[in-house]
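Asker: Need a 3D model of the following:
(one chain, ligands or ions: 2)
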Amino acid sequence: MAYTAWFECFNENCRKRYSLTEVIYNCGECGSLLQVVHDMDELSKTSAAEWVRLFDERRMRNMWPYGSGVWRLKEWVCPEVADTNVVSMFEGESNLFWAERLGAEIGLPDLWIKLCGNSHTGSFKDLGMTVLVSMVKQMKAEGKEIRAVACASTGDTSAALAAYCAAAGIQSIVFLPTGKVSNEQLIQPIANGALVISLDTDFDGCMKVVQKIAEDKTIYLANSKNSLRIEGQKTVSMEMAHQFDWDVPDVVIIPGGNLGNVSALGKGFLMMEKLGLIKKRPRIVCAQAEKANPLYRYYKTGFTNYAPIQAQKTYASAIQIGDPVSLEKAVKMLKEFDGIVEQASEQEIADACARGDKTGMYTCPHTGVALAALFKLVDRGVVRREQKVVVVSTAHGLKFSKFKLDYHERRLPDVESRYSNLPLHLPPDVDAVKRALDERLKG
Ligand SMILES: *Cc1c(COP(=O)(O)O)cnc(C)c1O
Ligand SMILES: [Zn+2]
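Answerer: Residues are numbered from 1 along each chain as shown. Ligands and ions are numbered 1, 2, ... in the order given. Take a look at the predicted model:
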């Protein structure tokens with residue numbers, strides 16, 4: 001069957017279409033954001049049951065490229081790319097962790113954490129980047145001149161771009177705000193051979209520069225403004241539903257910065273609903289750091305009065321963004337999903353991470369933002385005991401060792417480390433060790 005997809009203007013009064021192989025990020029007519037739209041009539045010719053069977057059959061198998069959690073859904077994601085041009089590192093299929101102990105602590109027995117950080121480069125950004133870099137490979141194969149692929153990043157986008165480009169033999173260029181990404185995030189693109197450009201500004205400043213650089217059409221822009229990435233990221237919804245045997249959770253909580261991911265989450269659920277795989281919608285909660293909360297402020301005005309802000313330094317560095325590119329898309333989705341926006345302070349973020357970790361997770365600060373938002377919603381009775389709740393964990397905690405170590409060693413400024421767990425420093429003496437153990441293990 002001939003499945004097709006195209007870029008379409010997000011502005012309802014325009015809706016101009018462009019080919020996915022065109023180098024374009026905003027509508028040429030009206031300047032609005034673009035979105036990827038699929039030929040839903042063609043997809044509807046296959047029944048929900050047949051789709052479920054197909055996706056089940058391909059799951060975690062060897063047939064290229066369907067073993068990937070993203071490409072298993074190829075017809076729904078990016079039918080335009082030839083299998084031979086897919087650049088995949090078996091992304092997706094991440095664990096949906098039953099947070100039994102944390103859930104018990106907060107009175108929520110049906111709490112789940114979608115561990116998107118368990119991925120090749122340690123964040124959910126892999127889900128979108130596999131689609132974007134595959135399309136670039138396809139465009140190059142068709143003879144288009146693309147010298148490099150570039151992005152501005154708060155750390156994880158650049159890691160994903162650099163890895164996928166390296167695997168495909170394509171040059172990447174990453175713009176990072178100096179001193180605002182973790183060491184682990186900085187070394188990733190360096191190791192993968194990216195041209196790393198460190199700018200004395202914040203993410204929003206890097207974004208402005210890269211957009212200018214990408215006016216040269218031989219330098220392809222890989223930020224989430226490029227809606228190809230959203231197609232890959234939306235598969236997290238399908239995966240989640242599949243992992244619950246096509247049952248839909250009541251609430252999904254996701255941290256938001258540039259807001260591509262929250263719109264992707266909604267897009268995935270809407271597509272499943274349209275094609276008959278699910279019958280109900282979850283409530284979507286977008287969680288922001290108090291220090292970088294333009295969406296939260298907008299939400300508080302009933303989405304009537306938006307103002308970009310200067311984001312302040314936050315431990316949740318990947319969402320330190322003051323003027324999110326995908327704002328409109330996110331707001332539209334939040335309205336469709338009875339959405340809530342919640343925020344978390346630095347203290348709340350740090351404690352939420354530590355509480356999660358004490359029950360077996362290894363949370364990044366952004367996941368901490370989402371967990372802190374959950375704790376507040378449970379306290380307020382907005383999220384209730386009988387509800388099935390999923391928290392989307394966006395990156396692996398191992399990328400944020402300094403933050404975690406500083407917390408436990410009580411070195412985070414302005415944060416009281418309520419759950420700190422310090423190592424015992426003892427002489428190499430068995431009796432001393434025994435005494436210490438007796439002390440620690442009593443009662
Ligand atoms: C990119 C990122 C986010 C935010 O996603 P947006 O699409 O920018 O809202 C959250 N957490 C982590 C770890 C990220 O890397
Ligand atoms: Zn338009």
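Asker: Centre of the chain to stretch 55-73, how far?
Answerer: 21 Å (C-alpha atoms, centre = their mean, to the nearest Å).
Asker: For the stretch 301-443 of the chain, which segments are assigned as strands?
Answerer: 340-344, 389-393 (DSSP state E, counting those that start in this stretch).
Asker: With respect to S47, which of these lies nearest?
Answerer: S47 lies closest to strand 389-393 among those, at 26.5 Å (C-beta to C-beta). Glycine gets a C-beta too; all of them are placed from N, C-alpha and C.
Asker: Mind giving me the packing neighbours of that closest one?
Answerer: On a contact count with 3 or more C-beta pairs under 8 Å, 6 or more residues apart in numbering; DSSP states H and E, strand 389-393 meets strand 111-115, strand 251-255, helix 365-379.
Asker: List the buried residues in stretch 177-184.
Answerer: In terms of neighbour count (16 or more other C-beta atoms under 10 Å), stretch 177-184 has its buried residues at P177, K180, V181, S182, E184.
Asker: Which of the strands of the stretch 301-443 of the chain has the highest mean neighbour count?
Answerer: strand 389-393 (a mean of 28; mean count of other C-beta atoms under 10 Å).
Asker: can you list the residues of the stretch 201-350 of the chain near ligand 1?
Answerer: Residues of the stretch 201-350 of the chain lying close to ligand 1 by C-beta under 6 Å from any ligand atom are S224, P255, G256, G257, N258, L259, G260, N261, A318, I319.
Asker: mind redoing it with 5 Å?
Answerer: Contact residues, the stretch 201-350 of the chain versus ligand 1 (C-beta under 5 Å from any ligand atom): P255, G256, G257, N258, L259, G260, N261, A318, I319.
Asker: Of these, which fall within the contact range of ligand 2?
Answerer: Applying C-beta under 5 Å from the ion to these, one finds that nothing falls near ligand 2.
Asker: What ranges does the stretch 301-443 of the chain have for its helices?
Answerer: For the stretch 301-443 of the chain, the helices defined by DSSP state H, counting those that start in this stretch cover 327-336, 346-358, 365-379, 401-408, 430-441.
Asker: quick one on the thing from earlier: need the residues of the stretch 201-350 of the chain next to ligand 1 in a markdown table with distance to S198 and pLDDT, can you?
Answerer: Formatted as a markdown table, those follow (distance: C-beta to C-beta, whole Å; pLDDT from 0 to 100):
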| residue | distance to S198 | pLDDT |
| --- | --- | --- |
| P255 | 25 | 98 |
| G256 | 25 | 98 |
| G257 | 19 | 97 |
| N258 | 19 | 96 |
| L259 | 25 | 97 |
| G260 | 23 | 97 |
| N261 | 25 | 97 |
| A318 | 17 | 96 |
| I319 | 20 | 96 |
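Asker: closest to D406 among those residues?
Answerer: The closest of these, once distances to D406 are taken by C-beta to C-beta, is A318, at 17.2 Å.
Asker: Test my guess that that closest one contacts A395.
Answerer: Yes. At 6.6 Å, A318 counts as touching A395 under the criterion of C-beta atoms under 8 Å.
Asker: shared neighbours of the two, which are they?
Answerer: Shared contacts of A318 and A395, defined by C-beta atoms under 8 Å, 6 or more residues apart in numbering, comprise S123, D156, C364, H366.
Asker: Intersect these with the contacts of ligand 1.
Answerer: Among these, the residues lying close to ligand 1 (C-beta under 5 Å from any ligand atom) are S123, D156, H366.
Asker: List the contacts of the residue nearest to the last one when sequence neighbours are not counted.
Answerer: It stands for H366. Closest residue in space to H366, ignoring its immediate chain neighbours: P255 at 4.2 Å, by C-beta to C-beta, 6 or more residues apart in numbering. Going by C-beta under 8 Å, 6+ apart, P255 touches C286, A287, Q288, A316, I319, H366, T367, V369, A370, V392, T394.
Asker: Now rank these by neighbours and give me the top one.
Answerer: Comparing those by number of neighbours (other C-beta atoms under 10 Å), V369 comes first, having 37 neighbours.
Asker: Now for that one: which residues touch it?
Answerer: With contact set as C-beta under 8 Å, 6+ apart, V369 has these partners: P255, A287, Q288, A289, A316, I319, A344, I349, A352.
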